[in-house]
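Trainee: Provided below are the primary sequence and the corresponding predicted coordinates.
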Amino acid sequence: KAGVTQTPRYLIKTRGQQVTLSCSPISGHRSVSWYQQTPGQGLQFLFEYFSETQRNKGNFPGRFSGRQFSNSRSEMNVSTLELGDSALYLCASSLAPGQNQPQHFGDGTRLSIL
Amino acid sequence: AQSVAQPEDQVNVAEGNPLTVKCTYSVSGNPYLFWYVQYPNRGLQFLLKYITGDNLVKGSYGFEAEFNKSQTSFHLKKPSALVSDSALYFCAVRLNTGFQKLVFGTGTRLLVSP
């Protein structure tokens, strides 16, 4: 069974640009969450999606947005990029909310802002 | 608010010796507790979880963890460390609210010397 797939693995952007990251969950998983990992702030929750609906959102500015499609695939978008947005962005999937199952993570997209 | 503390930035142990990576948590309800491991340039890999029941939880690769409600701890243990166990370990907590959001500790780097 394929794991969580995130594309691209690496991205380099400049300040002010926007970026879209993609996540394909494990087959059959319908819940997708996104996290940002930085050396300074550690792992921070961004959002959670289920059935194409955002169920929960972390404490990030409105420049960070996401969506989920009917096939459970998810994308996140960051607009007007800032240097501080440089991070590893991790996507995690699980069967459904409320289930006693762990989230499984992809290998992430490493975003570098120049 | 939920929080997780991993008091040691780094743990050093010799191969073949037992290892312990410490984790304490603070939540207002019943916690779901998880341990994840991260290897360089990879995402988080699930090791084990505590939901309810037996306080000693066994997981992948010979790891186990003991849930202690009175001390609000969930320490990760392994009887005999391997050099290949060297990695970054994260403890995480989730409330039984139906939301998937994980709150992570700051991580502990485990170094196993030959």
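Mentor: Cool, got the structure. As the structure is a prediction and not an experimental result, all values here were calculated from the model.
Trainee: where in chain A is the helix or strand with the lowest mean pLDDT?
Mentor: strand A:53-57 (a mean of 94; mean pLDDT, DSSP states H and E).
Trainee: partner strands of that one, with direction?
Mentor: strand A:42-50 (antiparallel) (DSSP bridges).
Trainee: ok, residues contacting the strand it pairs with?
Mentor: A:30-38, A:54-60, A:64, A:66-68, A:74, A:76, A:89-90, A:96-97, B:90, B:92, B:99-107 (Cβ atoms under 8 Å, 6 or more residues apart in numbering or on different chains). In short, each C-beta sits where N, CA and C put it, glycine included.
Trainee: just the buried residues from these, in PyMOL please.
Mentor: Provided next is the PyMOL selection string for whichever of the contacts of strand A:42-50 are buried by 16 or more other Cβ atoms under 10 Å in any protein chain shown:
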select buried, (chain A and resi 30+31+32+33+34+35+36+37+55+56+60+64+66+68+74+76+89+90+97) or (chain B and resi 90+92+99+100+101+102+103+104+105+107)
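Trainee: which positions in chain B make contact with chain A?
Mentor: Counting by Cβ under 8 Å from any Cβ of the partner chain, chain B comes close to chain A at B:32, B:34, B:36, B:41-46, B:49, B:51, B:90, B:92, B:98-107.
Trainee: which parts of chain A sit against chain B?
Mentor: A:4, A:6, A:31, A:33, A:35, A:42-43, A:45, A:48, A:55-56, A:58, A:90, A:92, A:94, A:97-98, A:100, A:102-108.
Trainee: look at residue B:77 and say how many residues are nearby.
Mentor: Using other Cβ atoms under 10 Å in any protein chain shown, residue B:77 has 15 other residues around it.
Trainee: show me what whatever helix or strand it lives in is packed up against.
Mentor: For residue B:77, the host element (DSSP states H and E) is strand B:73-78. Helices and strands touching strand B:73-78, by 3 or more Cβ pairs under 8 Å, 6 or more residues apart in numbering or on different chains; DSSP states H and E, are strand B:19-21, strand B:24-26, strand B:31-38, strand B:44-50, strand B:64-68, strand B:87-95.
Trainee: just to revisit the earlier point, from the residues of chain A next to chain B, which land in strands?
Mentor: A:6, A:31, A:33, A:35, A:42-43, A:45, A:48, A:55-56, A:90, A:92, A:94, A:104-105 (DSSP state E).
Trainee: perfect, I'm done here.
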